[in-house]
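Asks: Return a 3D structure for these sequence lines:
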Amino acid sequence: MGNEKGEGSLSQEQVLKTLVGLGLTRLDSQVYIYLAKRGPQKGQDLSKGLKVQKQQLYRSLKNLQSKGIVNATLEHPARFSAVSFDNVVDIFVKAKMAEAQRIQENKNEILANWQAIAIGETPEATAKFNLIEGRGPIYAKILQMMRDAQNQLSTISTVTGLLRADQFGLFDAGITRQIQPSLKFRAITELSEKNLGIAKNFLKEISHSKINFEGRTPDLSVNLPQLVIRDEEEILFFITPKTSAQAAEQEDVCLWTNCKSLVQAFTPVFEDFWRNSTDIKAKLVEIETGLPMSKSLNFNTIESAHNKFEELMGVAKKEIVILTSAGRLSELSRNKCFITLARKGIPIKIMAPIIKQNFEKTDLFFRLCEVRHIAACCCETTIVDGKYLLQINSDGSRTSDNILIDSFADAFYSEDMEHVREMKAALNGIWKHAQPPSSDTLETTVLFGSPTLPFPENNLITKCNPGIFEVKPPGALSEKDVVNKIINAKKLVVQNPAKDASRMYASVAVALIHPPVSFELPDLVIQAFHVDKSSSFGAEDYLVVYQQLKPNGIYVPVSVAGENPNAREIQRKVFKGTPAGLNDILLKKDEIEIRVHGNNFFAAWAVPIPIYPISLTLPPACMQIEGYGNLKTVGYSMTGPSGFRHEIEQNYFDSFVTFFHPASKYSGPGTDAVFSRDYIITNYPPKQ
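Replies: As a prediction, the model looks like this:
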């Protein structure tokens, strides 16, 4: 027994030395080993077991969390647990490899900086992207942004995200001494009864730091992007979908960029949300004590809330403003009292997510009142005559096919004039940026989503490519067929692109953008490809941009921009006969980034892309596509203007599109984008 114990002690000492050799302090290593052997522990139990002062222990725990080696629950007090040792080794290996790769990739920049020092000049940093995976590396990057910030750090985050930042040590006294004393840290987060405890814990912790913190919560429940902005220099996007409990447990994925145009695009978005938000401390008191406004009351059933809505329709005389859900938009189209008011000429504004299921109903609404598209929300808000406010909250539940459903949580009614004015101002802000649904949608301009066989005459595919000769009938191709072909991908080797068939496996998003006048851009169709390495010319991210060269004309490809030099020749041949065939642009790898997570597709580019005419450019921008509804499968063949014949098979979702560029934020209906999760295209050159 004594010998075994000695061998165990020796093994533990060897592990301790290994961890220290990998870069951990001796205390960090001891804490990790203790947790790995004993299982999840509270801080006070760890302190007693290791005989370490709490201040030292928590500093060590936060260091381990920042590296992704120790996890913590969000309860109070938190329980800490160690990840498996093999994962720890993998984390350090990946970190060392990533560090070496960064040094190699930045070698030229490092040498250029050295030369600049020698001649007394500082070269301007070039715009680039960097994908960051895992909470440890992400919060380490945010910490670096805090240290580099000169004026302010702005974030839109979940309450859980803010508390997790504190657990990773971002607000420690030691850290706060390393940041500018005048730094303003502003955070926007959605507050509710469900996360009230977590929010209070976070505010308590950050009050102990010396950070100049100000928090706000949106007056209306909207689909907030998660991001961090430092001054006007860099931005970090969280692109992991947060649409379910399962997704919330996944490791976060972020896209970082120092592209000034994109930072400038998102800064007004943050400021707009900030203006239409309430101080978080005041909101906490409001939730805990009940709404203190006069002439206010709560409803506990959906029936009583809807009865109140009908009552308000009966007293409406001047104006009705409604922010609602996709499902409720369809219900309103059948509400007799509501329709009667609209026909009497009472001005009515409706904001709701426009999807294919309710798109037909908007035709009636277009004739009776104004309708605009917004991103999904969990709070229906109705304001009548600027005097009466009714809010019906749902819990944001989603069905298995990712459609937000109206699950009743609670409702609130108020005649408090100050509160009604504040909420009306918030609705006016949303209305200002909302987009009217367009009759010119992807369903009428491109193949996707059209169940009509043969294709309609005004379909983009038929307009551009009259040589379509075969469409697989419904049921001939299944989702599983397409997935299996990708899993068992066979790479077609191409010796001569002009003679040999080629094949591409990819995830693809296509969006129809109707930019506001302020964009100073024409209507565009943007197609983004995230190409798998099994494809004939290897992995690649690239864009194809289409535009109308004549008013009300067809959309034609005008530019192709990609990062793979091996694919440029085939792209020029495929798009021969169109402006894109003469406008193929080779990008650097850090100038474009396209990522897929669940039903979300994210594309960003850091350089201007010439469109038509060449003097006109698509500026640096980003595009987020969010799939919803049921997955669909389609297969077809077509011949392009170049004579290439293309066989396409794909599984796709109808989707919403959000497009950001320096002029504004644009959010398009769920009729204007498609996300092809699984996409296979085989290209056959024209016969010589």
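
Asks: could you dump stretch 314-325 to PDB, C-alpha only?
Replies: Extracted in PDB, the C-alpha atoms of stretch 314-325 (Å, rounded to 0.1, in the frame of the first residue of the first chain):
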ATOM      1  CA  GLY A 314     -63.100  49.600 -29.800                       C
ATOM      2  CA  VAL A 315     -61.900  53.000 -28.500                       C
ATOM      3  CA  ALA A 316     -59.200  53.700 -31.200                       C
ATOM      4  CA  LYS A 317     -59.800  57.000 -33.000                       C
ATOM      5  CA  LYS A 318     -56.500  58.400 -34.200                       C
ATOM      6  CA  GLU A 319     -53.700  55.800 -34.700                       C
ATOM      7  CA  ILE A 320     -52.800  52.200 -34.000                       C
ATOM      8  CA  VAL A 321     -49.100  51.100 -33.800                       C
ATOM      9  CA  ILE A 322     -48.400  47.400 -33.400                       C
ATOM     10  CA  LEU A 323     -45.200  45.400 -33.100                       C
ATOM     11  CA  THR A 324     -46.000  41.700 -33.200                       C
ATOM     12  CA  SER A 325     -45.000  38.200 -34.200                       C
END
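
Asks: if we look at that stretch, which residues are touching it?
Replies: Residues outside stretch 314-325 that contact it (C-beta atoms under 8 Å, 6 or more residues apart in numbering): 220, 313, 332, 337, 341, 346-353, 374, 376-377, 379-386, 388, 394, 404, 406, 424, 427, 430-431. All C-beta spots, glycine's among them, are computed from the backbone N, C-alpha and C.

Asks: Filter these down to the buried ones and hand me the PyMOL line.
Replies: One line in PyMOL is enough to select the buried ones among the contacts of stretch 314-325; burial here means 16 or more other C-beta atoms under 10 Å:
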select buried, resi 220+313+332+341+346+348+349+350+351+352+353+374+376+377+379+380+381+382+383+384+388+394+404+406+424+427+430+431
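
Asks: The contacts of stretch 314-325 in strands, which ones?
Replies: Cross-referencing these against strands under DSSP state E gives 348-352, 379-384, 388, 394.

Asks: and which of these is nearest to Leu492?
Replies: Of all those, Ala352 has the smallest distance to Leu492: 45.8 Å, by C-beta to C-beta.

Asks: In contact with that closest one, which residues are there?
Replies: Per C-beta under 8 Å, 6+ apart, neighbours of Ala352: 322-326, 328-329, 358, 371, 373-374.

Asks: Tell me the one of those residues nearest Ser438?
Replies: The nearest member of the contacts of Ala352 to Ser438, counting by C-beta to C-beta, is His373 at 9.3 Å.

Asks: For Pro515, see how far away the closest one is.
Replies: Distance, His373 to Pro515, using C-beta to C-beta, to the nearest Å: 14 Å.

Asks: Go through the contacts of Ala352 and single out the one with the most neighbours.
Replies: Leu323 (27 neighbours; other C-beta atoms under 10 Å).

Asks: so how far is Met145 from that residue?
Replies: 33 Å.

Asks: Val510 now?
Replies: 33 Å.

Asks: Glu370 too?
Replies: From Glu370 across to Met145, the span is 41 Å (C-beta to C-beta).

Asks: circling back to that earlier point, comparing Val510 and Met145, which shows the higher neighbour count?
Replies: Val510 (27 against 21).

Asks: Looking at strand pairing, list the partners for the more buried one.
Replies: Beta-bridge pairing of Val510 under DSSP bridges involves Gln527, Val674.

Asks: Now do the SS call for Lys533.
Replies: Secondary structure state of Lys533, per DSSP: H, G, I helix; E, B strand; the rest coil, is coil.

Asks: Dihedrals phi and psi, it?
Replies: Backbone torsions for Lys533, taken as degrees, to the nearest 10, come to phi -70, psi -20.

Asks: just checking, it touches Ala539?
Replies: Yes: at 4.1 Å, Lys533 counts as touching Ala539 under the criterion of C-beta atoms under 8 Å.

Asks: These two: who's more crowded?
Replies: Between Lys533 and Ala539, counting by other C-beta under 10 Å, Ala539 is the more crowded of the two (15 against 11).

Asks: Check which element follows the lowest-mean-pLDDT helix or strand in the chain along the chain.
Replies: For the chain, counting by mean pLDDT, DSSP states H and E, helix 245-248 ranks last in confidence among helices and strands (a mean of 43). Heading C-terminal from helix 245-248, the first helix or strand you meet, by DSSP states H and E, is strand 253-257.

Asks: Just the contacts of Ala352: which are in helices?
Replies: Within the contacts of Ala352, residues falling in helices by DSSP state H are 326, 328-329, 358.

Asks: I figured Arg186 was touching Asn212, is that so?
Replies: No: using C-beta under 8 Å, Arg186 is not in contact with Asn212; the gap is 9.3 Å.

Asks: Which one of the two is surrounded by more residues?
Replies: Each of Arg186 and Asn212 has its neighbours counted (other C-beta under 10 Å); Arg186 has more, 18 against 15.

Asks: What residue spans form the domains of this structure?
Replies: Segmentation of the chain into domains, based on automatic domain parsing, reads 12-82, 95-124, 125-288, 292-433, 467-684.

Asks: Please write out the alpha-carbon positions of stretch 64-79 in CSV.
Replies: The C-alpha trace of stretch 64-79 is given here as CSV (Å, rounded to 0.1, in the frame of the first residue of the first chain):
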residue,chain,number,x,y,z
LEU,A,64,-7.8,28.6,-15.4
GLN,A,65,-11.2,29.6,-16.8
SER,A,66,-9.7,32.1,-19.2
LYS,A,67,-7.7,29.2,-20.7
GLY,A,68,-10.8,26.9,-20.9
ILE,A,69,-9.3,24.4,-18.4
VAL,A,70,-11.9,25.0,-15.6
ASN,A,71,-15.6,25.6,-16.0
ALA,A,72,-18.0,27.3,-13.6
THR,A,73,-21.7,27.1,-13.1
LEU,A,74,-23.7,30.4,-13.1
GLU,A,75,-25.4,29.7,-9.8
HIS,A,76,-24.3,31.6,-6.7
PRO,A,77,-22.0,30.5,-5.2
ALA,A,78,-20.5,28.9,-8.3
ARG,A,79,-19.3,25.3,-8.5
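
Asks: Centre of the chain to that stretch, how far?
Replies: Distance of stretch 64-79 from the chain centroid (C-alpha atoms, centre = their mean, to the nearest Å) equals 25 Å.

Asks: so which strand or helix has Asn683?
Replies: Secondary structure from DSSP H and E places Asn683 in strand 664-684.

Asks: buried set for that strand?
Replies: Buried positions in strand 664-684, judged by neighbour count with 16+ other C-beta under 10 Å: 664-683.

Asks: Kindly export it (C-alpha atoms) in CSV.
Replies: Output in CSV follows, covering the C-alpha atoms of strand 664-684 (Å, rounded to 0.1, in the frame of the first residue of the first chain):
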residue,chain,number,x,y,z
SER,A,664,-27.1,51.4,-42.2
LYS,A,665,-28.5,48.1,-40.9
TYR,A,666,-30.8,46.4,-43.3
SER,A,667,-33.1,43.5,-42.2
GLY,A,668,-34.9,41.6,-45.0
PRO,A,669,-38.0,39.4,-44.7
GLY,A,670,-38.0,35.6,-44.6
THR,A,671,-39.0,35.7,-48.3
ASP,A,672,-35.7,37.4,-49.4
ALA,A,673,-33.0,34.8,-48.5
VAL,A,674,-32.3,31.1,-48.7
PHE,A,675,-29.7,29.1,-46.9
SER,A,676,-28.6,25.9,-48.7
ARG,A,677,-27.0,23.9,-45.9
ASP,A,678,-26.0,21.1,-48.2
TYR,A,679,-25.1,22.1,-51.7
ILE,A,680,-23.5,20.0,-54.5
ILE,A,681,-22.9,21.4,-58.0
THR,A,682,-21.3,19.5,-60.8
ASN,A,683,-20.0,21.6,-63.8
TYR,A,684,-19.7,20.1,-67.3
